[in-house]
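**Q** Mind folding the following:
(chains A, B, C and D)
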Number of protein chains: 2
Amino acid sequence: MRVHRTGLDLDTTDYSINMDPSYTMLEFDSLRALPEEAESLVPVAASSPPPSNGNLCSICADRATGKHYGAASCDGCKGFFRRSVRKNHAYQCRFSRQCVVDKDKRNHCRYCRLRKCFRAGMRKEAVQNERDRISCRRDGQGAGTLSISMLLQAEASTHQLQSSALGIPCDTGMKKVARVGDVCESMKQQLLLLVEWAKRIPGFCELPVDDRVALLRAHSAEHLILGAARRSLPYNDIILLGNDFIISVNGSEMEVSKVAVRILEELVRPLRELDVTDVEFACLKAIIFFAPDCPGLQNPQAVRQIRFQAQVLLDEASYEQRGRFGELLLMLPPLQSVAWQMVEQLQLARLLGEASVDSLLQEMLLGEGADGARAGTGTGAEAATGAVAKGPETGSHTEVFSFMSPGDPAMACGPLGAQGVLPNQFISVILPVPNSLPGLALVPTQTGTEVYRPGEEAGMAQEMPNSMSLPHMHTCF
Amino acid sequence: MRVHRTGLDLDTTDYSINMDPSYTMLEFDSLRALPEEAESLVPVAASSPPPSNGNLCSICADRATGKHYGAASCDGCKGFFRRSVRKNHAYQCRFSRQCVVDKDKRNHCRYCRLRKCFRAGMRKEAVQNERDRISCRRDGQGAGTLSISMLLQAEASTHQLQSSALGIPCDTGMKKVARVGDVCESMKQQLLLLVEWAKRIPGFCELPVDDRVALLRAHSAEHLILGAARRSLPYNDIILLGNDFIISVNGSEMEVSKVAVRILEELVRPLRELDVTDVEFACLKAIIFFAPDCPGLQNPQAVRQIRFQAQVLLDEASYEQRGRFGELLLMLPPLQSVAWQMVEQLQLARLLGEASVDSLLQEMLLGEGADGARAGTGTGAEAATGAVAKGPETGSHTEVFSFMSPGDPAMACGPLGAQGVLPNQFISVILPVPNSLPGLALVPTQTGTEVYRPGEEAGMAQEMPNSMSLPHMHTCF
DNA sequence: AGTAGCCGGTCAAAGGTCAG
DNA sequence: GCTGACCTTTGACCGGCTAC
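**A** Numbering: from 1, shown residues only, chains lettered A, B, ... in the order given. Below is the predicted model:
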């Protein structure tokens, strides 16, 4: 054990500097040290080539001697992990399980050290096992590797677009209370931004086009709600829409304000209490988006893998505070619930003629003709294997009740025939930019399948023929 | 531990640099410098090794156990030096700082002993930070907190009850395919077991009675689904019910089998891939149960705290596999989704007269007259503060659509008047044990508010008058 | 054939323990 | 409370195997 100094005793200065390392940086390091994979859990979560931390131990930030048991680590953490696994040690933290694990203090708490080993990607299966090592599979490289910076960029780009492209003044003092139409307009804008966001995620662009469509539809309502909640964090008792209208608890129409109250109580309040960071928001968004049990996915495993990465990124980003990661993930069920209620309200408003719902909202939010707008709904991600084959029974009571709720199970399990038809039409609708967002510039997607044709987008969403894209739902009305 | 110092020991300079820590041992540092003559470049260690040879302590001439902190020394001097440095002890010589330090008299003067340690070449830099305790782990188990063993006990007790109390053989080969009635019967049994389970959780028993009722209602459907999924893990393509009936993907009625497919695809499959443990199941159950955004809670913070504990327990139980905790929590949104679909099916079946839904199912699953059976729904946990005050608008379109879906928002946000009326009645219904579970013995709860009265429970659920307990929902039909 | 990467093992020298 | 005989843990270094 080299007590402190290496042969070259120049470390002394470094030492005093490292005494108080910004812990976040250490986290960042370990965060980049994404492990190869997580067993059967997820195929191959690509190992990220650690750009900055090069040869730092992802557990304690000491000098790493290579990858050991799945994580770049120093000899100390390597030996510690091996001994712990071999002897099946059950450590206990004498404090609150948030001990700092760095070069100086790594021996202070074995529980927290071991835990950080696991978090950094060490796997106990790698101990004592064969020497073969799967290191051949080490480079997933660019394919499907998520990173914080990528997510932040995607987020920033849509925010840029939002504030610069909208012709509506965003910073004037008095904000107008939104009416139903304003809400719909805002939702539409936000949905377009969601598409933009998704296109900035390389993993998304590499998915089959049908899967991309499915993902865009599946949780769009939750993204709207999450975005609204986030936007409203600085305010009290109002929801700030993307188009600068507000929804007030007291001053808005009843149907609208009911959802608003839930957003404030169940989402804004806990988000505020957690003081969620931008990074955490970005991760949450990706976690919601890449839902592997989204109905009709051709390649759910790829989606699961991306979500896994996002989930691990969030874990790393929120590691410093004990229990924080769990609290963040536990926002998702209420978010889903509120989102559904919003969709129901929208449905209702449309039925009553209070809102004009254009095709975009129809297809993304109301899940027209498909299973969209519902979380983890439908026959399941892998349903295409057979369970869906007996779909056509939907007709029995379905048509009667299908208008009951956009989340009606009969709809969700409806024939998947629409999948073959809808997606391409759908994507042609949502990818071009309507005039309402004049400054919005689309970057070409990496797959090149969708092309932005400047002349064709105007009013397209409204004018799109429904005959093909709404094969099922519209027959119910 | 190898101390990697070469013959060139530049510590002298370091020493003077490190002088600051207001340490009275500084005295010894300078003292140590004293013996050096003009040649301060000569390493101390090189000059120190006194005639005292390999296996003699260079401080007290006792038998040395090796090199410690830079000098061959015995365990006594080693420990003495470590303690002195660690505790920053300031000794004083009562004589003239010329005390003899040998095996016999080494404890006579700590000042002179420590000085001799330094002179022999011991360096305080070689003393490390305090480490973790090796043995004797004291369990700082706080009272009133959740624990794994508590959760496992609660789980085990309901399993015991289940297998011993049911008059139905559980291990015969051929299992019967459930019809709608069988499903309902199973659900009812499981809901009663859920109540039993909850009563084994001390934190639950300490909640206000209305909150206990609210929690029991809020996510009962998810518990049924989770239980079914868990029970079905060992099988393929079937759902095993608690009463030993099965739901087959192919052989069951359509409505039932649709939910079954989703359970299999979205829940059983990932749970199986994760190979979820009993402990993890137990934690998940508690996390689902203690939902702080359950509508109408008087004390959401207490519930949030319990869930936090459960969530942290799960984290600790699953931290050995990277990303596992997140994957487990991410089962909850699809679970919620499937649960709602099941409730909708149940509602539908009841509408069509296919199922006889008794009061228990009505109140716990369908959320009659309250917001139950929905996850994180309603006006929010803290809604009672004011948002609900303007509830009565529910009547507008609500009655028309309230049967649309058990999760209908209009219902969820309905007047909370029911809360004052329902709970106590409700709890009186679900706490006694119907005859269908003859062997089920209730343990008295710790609060003592509910008492098991053996003579009164028979058929109570069925016979309970609906007039009070279903003030809202039943008027819709 | 050589080298890089990762696993296993070793053991001096850290650490902690707990009667006395 | 300190001491020190006795035990555990740490980690720098090295040997060996596999893949490229």
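**Q** Is stretch A:320-334 positioned near chain B?
**A** Yes - residues of stretch A:320-334 are located near chain B by C-beta under 8 Å from any C-beta of the partner chain, namely A:322-323, A:325-327, A:329-330, A:332-334. Glycine gets a C-beta too; all of them are placed from N, C-alpha and C.
**Q** Just the buried positions in that stretch, please.
**A** If you call a residue buried by 16 or more other C-beta atoms under 10 Å in any protein chain shown, then stretch A:320-334 has these buried ones: A:323-334.
**Q** nearest to A:C294, of the residues you listed?
**A** For those, the residue nearest A:C294 by C-beta to C-beta is A:L332; the value is 14.0 Å.
**Q** What helix or strand is the closest residue to the closest one other than its chain neighbours located in?
**A** Nearest in space to A:L332, with sequence neighbours left out and distances taken as C-beta to C-beta, 6 or more residues apart in numbering or on different chains, is B:P333 at 5.2 Å. Here B:P333, judged by DSSP states H and E, is contained in helix B:332-351.
**Q** Run through the neighbouring helices and strands of the next helix or strand after that helix.
**A** Sequence order places helix B:359-364 as the next helix or strand after helix B:332-351, per DSSP H and E. In this structure, helix B:359-364 packs against helix B:180-199, helix B:209-218, helix B:417-430, helix B:460-463, helix B:466-469, with contacts taken as 3 or more C-beta pairs under 8 Å, 6 or more residues apart in numbering or on different chains; DSSP states H and E.
**Q** so for the helix holding B:P333, what's the average pLDDT?
**A** The predicted model gives helix B:332-351 an average pLDDT of 92.
**Q** swap in stretch A:209-220?
**A** Mean predicted confidence for stretch A:209-220 is 95.
**Q** Check stretch A:114-130 too.
**A** Per-residue confidence for stretch A:114-130 averages out to 85 on the pLDDT scale.
**Q** Kindly report the same for stretch A:180-198.
**A** For stretch A:180-198, mean pLDDT rounds to 92.
**Q** Can you give me the buried ones in that stretch?
**A** Buried, per 16+ other C-beta under 10 Å, within stretch A:180-198: A:180, A:182-198.
**Q** Same question for stretch A:114-131.
**A** Residues of stretch A:114-131 classed as buried under the neighbour-count rule (16+ other C-beta under 10 Å) are A:114-124, A:126-127.
**Q** next one: stretch A:274-284
**A** By neighbour count with 16+ other C-beta under 10 Å, stretch A:274-284 contains the buried residues A:276, A:279-284.
**Q** now stretch A:145-162
**A** Buried positions in stretch A:145-162, judged by neighbour count with 16+ other C-beta under 10 Å: A:145-148, A:150-151, A:154-155, A:157-158, A:161-162.
**Q** measure the residue in the stretch 301-450 of chain A that DNA strand C sits nearest to to A:F245 for me?
**A** Nearest residue of the stretch 301-450 of chain A to DNA strand C (C-beta to the nearest atom of the strand) works out as A:V312 at 19.1 Å. Distance of A:V312 to A:F245, given as C-beta to C-beta, to the nearest Å: 37 Å.
**Q** pLDDT score for A:M19?
**A** pLDDT, the model's per-residue confidence, is 29 for A:M19.
**Q** Tell me which stretches of the stretch 51-200 of chain A form strands.
**A** With DSSP state E, counting those that start in this stretch as the criterion, the stretch 51-200 of chain A has strands at A:67-68, A:71-72.
**Q** between these, which one is nearest to DNA strand C?
**A** With respect to DNA strand C, and counting by C-beta to the nearest atom of the strand, the nearest of these is strand A:67-68 at 3.3 Å.
**Q** quick one: strands adjacent to that closest one?
**A** Its sheet considered, strand A:67-68 pairs with strand A:71-72 (antiparallel) by DSSP bridges.
**Q** mind putting the residues of stretch A:320-334 next to chain B in a markdown table, distance to A:V85 included?
**A** Written out in a markdown table, the entries for the residues of stretch A:320-334 next to chain B read as follows (distance: C-beta to C-beta, whole Å):
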| residue | distance to A:V85 |
| --- | --- |
| A:R322 | 24 |
| A:G323 | 26 |
| A:F325 | 24 |
| A:G326 | 25 |
| A:E327 | 30 |
| A:L329 | 27 |
| A:L330 | 30 |
| A:L332 | 33 |
| A:P333 | 35 |
| A:P334 | 38 |
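**Q** Those in helices, which ones?
**A** Mapping the residues of stretch A:320-334 next to chain B onto helices (DSSP state H) picks out A:325-327, A:329, A:332-334.
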